[in-house]
Structures are given as structure tokens and as C-alpha cells.
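S.K.: what follows is a predicted structure for the sequence shown.
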Amino acid sequence: MNLRDRLRAGLEGRPNEDGFTLIELLIVMSVMLILMTLAVPQLLKLRKQAQETSAVQSLRTIGQAELQYNSAYPANGFSCSLATLGGDPKSGAPTSQSAQLITPDLASGQKAGYTFAITNCTKVTVNNQDMYTSFEITAVPNSIGKTGDRGFCTDENNTIRYDPAGGTNCTQPIQ
């Protein structure tokens, strides 16, 4: 029996082995890697959109809280502080310094990848009492391009506008 016959006999006599070969595993891993490279950017885009939607909803919530504050404490007008709109319900009844109108996370100024602030407050003095007659609420992404692409703003009229550059120069209305 020559070498060729012995090799042929060895290959034909080899028992069938169950399981995956290294090549098959590499192919499966390659397919999974390709699918991940297609899915991850879409997932990140959807996450940014969700955070922007959350920011717009949070602006609406703060705007409504400002209107409630103005009704509850007309001598103060509007609040010029997120902390004033917030407060711990366990600490007692709401006051003008702790109105308990928004959740603690929103009162902290940080939520869903955005930083919230009340700015541009206009203060007037009526009967020796300071009162705020206008305000602007801003929401800017913590990391432009990562947590959100646009900045959002609203005022006492509750018209929400956005800045496509992610800042507070909000000139374009939300559709």
C-alpha cells in the first residue's frame, strides 16, 4: 500500500465528529460583529432622540410648575430657581421656598443627559415686595452630540424653541 492509499484510507476511516469547527465559529462571530456595527449607531441615535424628547417634556413640566407657583404665590410672581419649585414632601407643607411642584431629579437641574436652568428672570418691586414677572428655562445637552444634539428653551408663554447647535440661542420652534 503506497502513501496515497494510506492517506485516503485514513480520511475515509475518520469517524464523524459532532460540534462546530473553528471556521464555523469564526463565520458566526463575523456575522454577529457585522450586525452589531449596523445596530449600535442606530441604538445610539434612538437614545439621543429619547433624551431630547425627555428634555422637551421636562421643560413643559417646569413651565407648568412655574404657572402653578405664580398662582399659589402671586406676591412672588414666578420662581427663578429650580430648587424653589422642588422640595421634599416629607419636610412638611409646600412653601414659597419649597413649593414641591417638580421631582427632586428635575429640581437638581440634571435629568436624562441634559442640564436645566431658570435664567433671565425679570424682577420688579411692587409694594416693597420683589416679584419675578418673566423667566426663561433652558435645557442643554451635557455632551453635545452624545447626550443630545439640540438645546431647548421656553419662557412664561410656554412656547418651546430649540437651538440646533445645542446651546441656548433658541430661535426655531418645536414642530
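M.R.: That came through, no problem.

S.K.: which other helices and strands does the top helix by length along the chain contact?
M.R.: Secondary structure of the chain read by DSSP state H shows that its longest helix is helix 22-72. Under the contact criterion of 3 or more C-beta pairs under 8 Å, 6 or more residues apart in numbering; DSSP states H and E, helix 22-72 touches helix 82-85, helix 104-107, strand 110-111, strand 114-126, strand 129-141, strand 151-155. C-beta here means a position set from N, CA and C on the backbone, and glycine is covered the same way.

S.K.: right, and these - which one's nearest Gln51?
M.R.: The closest of the helices and strands packed on helix 22-72 to Gln51 is strand 114-126. By C-beta to C-beta, the value is 6.7 Å.

S.K.: what's the angle from that closest one to strand 129-141?
M.R.: When axes from the mean of the first three to the mean of the last three C-alpha atoms, to 10 degrees is applied, the directions of strand 114-126 and strand 129-141 differ by 160 degrees.

S.K.: tell me the strands beside strand 114-126, with direction?
M.R.: Strand pairing for strand 114-126, using DSSP bridges, gives strand 110-111 (antiparallel), strand 129-141 (antiparallel).

S.K.: which one of those strands lies closest to Glu52?
M.R.: Going through those one by one, with C-beta to C-beta as the measure, strand 129-141 comes closest at 8.1 Å.

S.K.: look up how far Leu22 lies from the spatially most central residue of the chain.
M.R.: In the chain, the centroid-proximal residue (C-alpha atoms, centre = their mean) is Gln51; its distance is 2.6 Å. Spatial separation of Gln51 from Leu22 under the definition C-beta to C-beta, to the nearest Å is 42 Å.

S.K.: repeat that for Gly63.
M.R.: On the measure of C-beta to C-beta, Gly63 and Leu22 end up 61 Å apart.

S.K.: next: Gly92.
M.R.: Applying C-beta to C-beta, the value for Gly92 to Leu22 is 69 Å.

S.K.: list the contacts of Tyr114.
M.R.: Applying C-beta atoms under 8 Å, 6 or more residues apart in numbering, we find Tyr114 in contact with Gln51, Ser54, Ala55, Ser58, Ala139, Val140, Pro141, Asn142, Thr147, Gly148.
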